[in-house]
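>>> Sharing a model prediction with you, sequence too.
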Amino acid sequence: MSSAVDFTERTIAVSVAAPERPAVERPTAGRSFDAGSRAVRVIGRLAWRVFKPTIVIGLFLLLWQLAPALGLVDEVFLPPFSVVAQAFVDLLVSGELWTHISASLSRSLAGYAIALAVAIPLGISIAWYKPVADFLNPILELFRNTAALALLPVFILILGIGETSKVALVVYASAFPILLNTITGVRTVDPLLIKSAVSLGLSPLRLFQKVILPAALPSIFTGLRMAAASSILVLLAAEMFGARAGLGYLITAAQQNFQIPNMYAGIIAISLLGLAFNGLLVTLERRFSRWRTEPNA
């Protein structure tokens, strides 16, 4: 009897002294179902994002293909899309299209890079230092309202009909969107952010690196995308005068020689080039502006 009592007491003492093991939380069928449904919803949203523009583009190309066949437009002036696509492939295979694309791209990138290197520092200086703004604002207001194509004859007269005038025109057309959006971005930084950074003892250089530039990046990238479109548009007009290569030259030469499918193939090449340029800038903007991305986006 006493041994049984002692065994019971020891059992109770061990059960009281032993720490309770935390319960292991095991995944349940409900949680796995929720994760699966979320994955299905995400995939569905991505598929719908791709599907919507595909439908719109497909309907546009279908209308283009059927409009000449139905007599809505003259087939001589607007060939079916299949004919234009074949001309595009022929130019691509022969290497002629690559020659014109590389010529236009080199001019556009050269002018765009110069405008980028000049406009962003100048825009920051104008927005941050009032004496600089007071000194340069009159001349900026004068030229910002002057269209780049209106100055094309001036550039040709001063710089000649060669590459220099074309690149200079691209610089002029690209600089103002970048400059104005940089000024807007720096001036619209939340003053509370600046005061908080100053109160933390940040130096002017660190203030610019950690606060001013990140907050102004969305506006700066808007200017970069506008400048990219402007650089391509004005370059096409410049290549119609005195050029021997380039997409603008291709379109003009095809129109003058009545090679209408080649003309539309050049226009498609311009659209694809602009789309690729814009997509690259959007990717860079997302890369450098991750702090703006919503958690559930």
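Done, it's in. Numbering: from 1, shown residues only.

>>> Could you pull up the residues touching Leu236?
When the contact criterion is CB atoms under 8 Å, 6 or more residues apart in numbering, the partners of Leu236 are 104, 246-248, 251, 270. C-beta here means a position set from N, CA and C on the backbone, and glycine is covered the same way.

>>> can you do 10 Å?
Each residue near Leu236 by CB atoms under 10 Å, 6 or more residues apart in numbering is listed here: 104, 108, 243, 246-252, 266-267, 270.

>>> Can you classify His100 as helix, strand or coil?
Following DSSP: H, G, I helix; E, B strand; the rest coil, His100 is assigned to helix.

>>> ok, which stretches of this protein are helices?
In the chain, the segments counted as helices under DSSP state H are 2-17, 29-69, 81-94, 96-128, 130-144, 152-159, 163-187, 191-199, 204-207, 213-239, 247-256, 260-288.

>>> most neighbours per residue, which of those helices?
Mean neighbour count, computed with mean count of other CB atoms under 10 Å, is highest for helix 163-187 among the helices of the chain, reaching a mean of 23.

>>> quick one, that helix and helix 213-239 angle?
Compare the direction of helix 163-187 with that of helix 213-239 by axes from the mean of the first three to the mean of the last three CA atoms, to 10 degrees and you get 150 degrees.

>>> now helix 163-187, how far from the centre of its chain.
Average the C-alpha atoms of helix 163-187, do the same for its chain, and the two points are 16 Å apart (CA atoms, centre = their mean, to the nearest Å).

>>> Is Phe288 in contact with Pro214, as I believe?
Yes. With contacts defined as CB atoms under 10 Å, Phe288 counts as touching Pro214 at a distance of 8.1 Å.

>>> on that earlier part again, where is pLDDT lowest across the contacts of Leu236?
Looking at the contacts of Leu236 by pLDDT, the weakest one is Ala243, with 76.

>>> count of residues packed around Leu72?
One way to gauge burial is a neighbour count; for Leu72, by other CB atoms under 10 Å, it gives 10.
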